[in-house]
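Colleague: Next one to model:
(2 chains)
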2 protein chains.
Amino acid sequence: MARTAGRSRRAAKNGHKGNGQRESIALRRTQTERASDDTHRPSGPSEQRRPVAGRLVIIGGHEEKEGERLILRQVSRCAKGGRVVVCTVASDVPGEVWKDYQRAFRDMGCKDVVHLDIERRADLLIEPPLDLLEGAEVFFFTGGAQLKITTRFAGTRLCAAVEEFYHQGGTVAGTSAGASVMADTMLVSGPGRETHKIGETLQMAPGLGFLRDVIIDQHFAERGRIGRLLGAVAQNPRFLGLGIDEDTAIVVEREEAFTVYGSGAVYVADAENVTYTNVAEEEEARTLSIFNVRLHVLSQGDSFDLRSRHPSHEFAKTVERQLDKSEHASSGAAVH
Amino acid sequence: MARTAGRSRRAAKNGHKGNGQRESIALRRTQTERASDDTHRPSGPSEQRRPVAGRLVIIGGHEEKEGERLILRQVSRCAKGGRVVVCTVASDVPGEVWKDYQRAFRDMGCKDVVHLDIERRADLLIEPPLDLLEGAEVFFFTGGAQLKITTRFAGTRLCAAVEEFYHQGGTVAGTSAGASVMADTMLVSGPGRETHKIGETLQMAPGLGFLRDVIIDQHFAERGRIGRLLGAVAQNPRFLGLGIDEDTAIVVEREEAFTVYGSGAVYVADAENVTYTNVAEEEEARTLSIFNVRLHVLSQGDSFDLRSRHPSHEFAKTVERQLDKSEHASSGAAVH
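Modeller: Predicted structure coming up:
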């Protein structure tokens, strides 16, 4: 297990703030209020969960690490001067990946960026580095393989601590494999660029469960994954399918709603009103049928209420103006 | 212009049958009746058209030309012993393409298979080979480039004769480029594997208009084209988006309804209830937003009512049994 401190790892931090204290990113109050009044959605298991004060930044992979860095700027904004923990457990080349993110976050003014790699689960069991979370504001999962994250990290004391950190108001971010693990059920593998076949290996596994009732796919348009996402939601229409393009992210506030940032789109496949699918009825060699999926394509500035399952739009420019303002503010504070 | 007669080009044929005389392929009467009663759809320009007695076979490309040939078997079934005209105008290698189809159709028992290539529009203007349609039952457009079909063929006397042939009950089939030209507006080019950008070149052009109120895309899942199809229907929600996978076809009866055949799927994107799109509002560099698309994925045996815009399902096996039966029947009649 590698633990590399950033340039000023022990620098002063803000510590956690209480519920509802954190700044909301581009989610309009009116929308959240509307969601609270919405009685349309059946109350599922998630309704009984204890409230979440934190934020998720779920990235479709290949976010810019130089130049404009629209997505990572969102992440660094969530850090608000506190620590960013970069967890490279998913990666085959954790050292290289860490260097790229360390450089990117420092360039954006983050002073306390630390590295967590986990080579063996046993290391986490013997001596969990819980102190990494002291003063942390962001816990970031890089890309790689989903199952490396869950097999080495899930169910450990450190994982429980990250979940608590998130519940208390921390930001958990993840890109590519790090995006898929956010859901309670994660897509592990399955072919792209074809329509789902019923007997096809669409490997799914339990994820970290930070965001309930969704299935997340990444590199979405780029790898032609609409077929496999529809194949996944067909199996259980309670789960909302979220397909996130590269260089695109959703920022989820308190598990209630998300806003889209980045150059691509987010596809939301809502199978709630599906009238027919052959997924449980036909032979395995058959091709998927599914009728009446509600599909939304959201781009930067659009938001989506996860409880009422309604999208709403905000002109992209408004969001860009916000981003510009925050960029100027954080550049001012940064030590270069 | 090449005109190559098949083995028995002048063999006896059945000639045209009147409206409603032709056999319906797997479209249940009840469904058609329901469609007639449906008053939900607004009556558009197409409602005033004269009735169509013919059939379209619209293929997503790469249909099998050897082995099971599920799709081409459908086409040869429509020939019912009459002539099949193979039009290779779209292709850069018309001779090779013709040979492949000639072999395939002959293997399936079609005795009168003729070739039409059009090298120059002028040839069609000077001496249109209208006699090719004598006793024809199927007019088949091969793949290649959409604009070659329209620039050389559209608006000629031969094109008008093919349209009349279709209206009188003939079958017009097309694969790949030959599929796209069936619509009144055809997608010519546009990038796959990415979400549509508003200012992106999504080249569209007027098609042959055999099937109204739709936009057809082919090689659909294989080339990741959901983004560009949504980009197209966003621009005018009256048009139903039809994305057809490779080795997959829709058989459209009398412009009323279609049934799906083949190994892949047909995606139907219905934008009628779309509540918002940014396609006319945002700057050109922006990514498409579109909310509330109704998406259906149809596989073999499913059908779709084009007037009410409702899918219905038929177990794939039932259709396969029909296909098997018809295969045995036509094999019996074939001269090998």
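Colleague: ok, the nearest residue to A:Asp245 once chain neighbours are set aside - contacts?
Modeller: Computed as Cβ to Cβ, 6 or more residues apart in numbering or on different chains, the closest residue to A:Asp245 that is not its neighbour in sequence is A:Gly264, at 2.7 Å. C-beta coordinates here come from the backbone N, C-alpha and C atoms, glycine included. Residues counted as contacts of A:Gly264 (Cβ atoms under 8 Å, 6 or more residues apart in numbering or on different chains) are A:Gly60, A:Phe220, A:Ala221, A:Ile244, A:Asp245, A:Glu246, A:Asp247, A:Thr248, A:Ser299, B:Glu194, B:Thr195, B:Thr287.
Colleague: repeat that for 7 Å
Modeller: Residues near A:Gly264 by Cβ atoms under 7 Å, 6 or more residues apart in numbering or on different chains: A:Gly60, A:Ala221, A:Asp245, A:Glu246, A:Asp247, A:Thr248, B:Thr195, B:Thr287.
Colleague: again with A:Gly54
Modeller: A:Tyr166, A:His167, A:Gln168, A:Gly169, A:Gly170, A:Thr171, A:Val172.
Colleague: Please name the residues that touch the residue nearest to the second one when sequence neighbours are not counted.
Modeller: Spelled out, it's A:His167. Spatially, and ignoring its direct neighbours in sequence, A:His167 is nearest to A:Val52 (5.5 Å; Cβ to Cβ, 6+ apart). By Cβ under 7 Å, 6+ apart, the residues touching A:Val52 are A:Tyr166, A:His167, A:Arg254, A:Glu255.
Colleague: Which helix or which strand is home to A:Val52?
Modeller: For A:Val52, there is no host helix or strand (DSSP states H and E).
Colleague: Distance check, it against chain B.
Modeller: The spacing between A:Val52 and chain B, counted by Cβ to the nearest Cβ, to the nearest Å, is 26 Å.
Colleague: Look at the one residue sitting closest to the centre of chain A and tell me its secondary structure.
Modeller: For chain A, A:Ile58 is the residue whose C-alpha lies nearest the centre (Cα atoms, centre = their mean; 2.2 Å). Of the three states, A:Ile58 takes strand under DSSP: H, G, I helix; E, B strand; the rest coil.
Colleague: can you pull the pLDDT of it?
Modeller: Note on A:Ile58: pLDDT of 98.
Colleague: Just give the closest residue to it, not the sequence neighbours.
Modeller: Nearest to A:Ile58 is A:Ala179, by Cβ to Cβ, 6+ apart, at 4.7 Å.
Colleague: Show me what the strand or helix carrying the one you found is packed against.
Modeller: Applying DSSP H and E as the criterion places A:Ala179 in helix A:177-180. When contacts are defined as 3 or more Cβ pairs under 7 Å, 6 or more residues apart in numbering or on different chains; DSSP states H and E, helix A:177-180 packs onto helix A:146-153.
Colleague: Count the neighbours of the nearest residue in space to A:Phe239 that is not next to it in sequence for me.
Modeller: Distances taken as Cβ to Cβ, 6+ apart put A:Ile215 closest to A:Phe239, at 4.9 Å, once the chain neighbours are dropped. A:Ile215 has 25 neighbours, counted by other Cβ atoms under 10 Å in any protein chain shown.
Colleague: again, but for the one 3 residues further on
Modeller: Residues within reach of A:Gln218, counting by other Cβ under 10 Å, total 28.
Colleague: Likewise for A:Leu229?
Modeller: Per other Cβ under 10 Å, the neighbour tally for A:Leu229 reads 24.
Colleague: What parts of the stretch 51-200 of chain A come near chain B?
Modeller: Contact residues, the stretch 51-200 of chain A versus chain B (Cβ under 7 Å from any Cβ of the partner chain): A:Arg193, A:Glu194, A:Thr195.
Colleague: Which ones among these lie within strands?
Modeller: Counting by DSSP state E, no part of those is found in strands.
Colleague: Out of the residues you listed, flag the one nearest to chain B.
Modeller: Among those, A:Thr195 lies closest to chain B (Cβ to the nearest Cβ), at 3.9 Å.
Colleague: which residues does that closest one contact?
Modeller: A:Thr195 is in contact with A:Gly227, A:Thr287, A:Leu288, B:Ala221, B:Asp245, B:Gly264, B:Ala265, B:Val297, counting by Cβ under 7 Å, 6+ apart.
Colleague: Name the nearest residue to the residue in the stretch 201-336 of chain A positioned nearest to chain B, sequence neighbours excluded.
Modeller: Across the stretch 201-336 of chain A, no residue is closer to chain B than A:Gly224, which sits at 3.2 Å (Cβ to the nearest Cβ). In this structure, A:Gly224 finds its nearest non-sequential neighbour in B:Gly224, 3.2 Å apart by Cβ to Cβ, 6+ apart.
Colleague: How about A:His313?
Modeller: Spatial nearest neighbour of A:His313, chain neighbours left out: A:Asp302 (4.9 Å); criterion: Cβ to Cβ, 6+ apart.
Colleague: For the one you found, grab the count of nearby residues.
Modeller: Residues lying near A:Asp302 (other Cβ under 10 Å) number 28.
Colleague: distance of it from A:Gly264?
Modeller: A:Asp302 is 12 Å from A:Gly264, where distance means Cβ to Cβ, to the nearest Å.
Colleague: Could you report the neighbour count for the residue nearest to A:Glu272 when sequence neighbours are not counted?
Modeller: Nearest residue to A:Glu272, sequence neighbours excluded (Cβ to Cβ, 6+ apart): A:Pro237, at 5.6 Å. By other Cβ under 10 Å, 17 other residues sit near A:Pro237.
Colleague: what do you get for A:Ala280?
Modeller: Counted with other Cβ under 10 Å, A:Ala280 comes out at 8.
Colleague: for it, helix, strand, or coil?
Modeller: Per three-state DSSP, A:Ala280 ends up coil.
Colleague: so what pLDDT did it get?
Modeller: You'll see A:Ala280 listed with a pLDDT of 88.
Colleague: Enumerate every residue touching A:Ser299.
Modeller: With Cβ under 7 Å, 6+ apart, A:Ser299 has these contacts: A:Val260, A:Ala265, A:Ala316, B:Asn278, B:Arg286, B:Thr287, B:Leu288, B:Ser289.
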